[in-house]
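Asker: Coordinates for the following, if possible.
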Amino acid sequence: MISITEWQKIGVGITGFGVFFILFGILLYFDSVLLAFGNRHKLKGTSFFLGGVAIVLLRWPLLGMLLEAYGFISLFKGFFPMAFGFLGTAANIPFLSMLSQRLQGTSSMV
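Answerer: Coordinates of the predicted model:
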């Protein structure tokens, strides 16, 4: 018989809780009611994006890509100000500012 220490018992218990909550989270993530409730206010963007994919598959690539672009913009229009705000403050981040200065100094047109 294998002897298990108290620390190993605690580790197995914590790991069991972790596995349970991960599986429970995945189960709730794929719940159709919760997915519909969370995506209801973005129905217009989702339908334009998926409609664009369908139109591309029906061999109308230009129209389909335009519809996909409109759907993408309408889906993520709340995220764009935050992303552009981060890019505006990226010069204040030490590693990124040093990297951008180094890349600006080494670029040449020759």
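Asker: and Gly78, what helix or strand is that in?
Answerer: Following DSSP states H and E, there is no helix or strand that holds Gly78.
Asker: Other residues contacting whichever helix in the chain runs longest?
Answerer: The longest helix of the chain (DSSP state H) is helix 6-29. Here helix 6-29 makes contact (C-beta atoms under 8 Å, 6 or more residues apart in numbering) with 4, 34. For the C-beta atoms, the positions are set from N, CA and C on the backbone; glycine is no exception.
Asker: Mind listing what's buried along it?
Answerer: Neighbour-count burial for helix 6-29, counted by 16 or more other C-beta atoms under 10 Å, picks out no residue.
Asker: how far out from the middle of the chain is that helix?
Answerer: 25 Å (C-alpha atoms, centre = their mean, to the nearest Å).
Asker: Can you pull out the low-pLDDT segments for this structure?
Answerer: 38-39, 91, 105-110 (pLDDT under 70).
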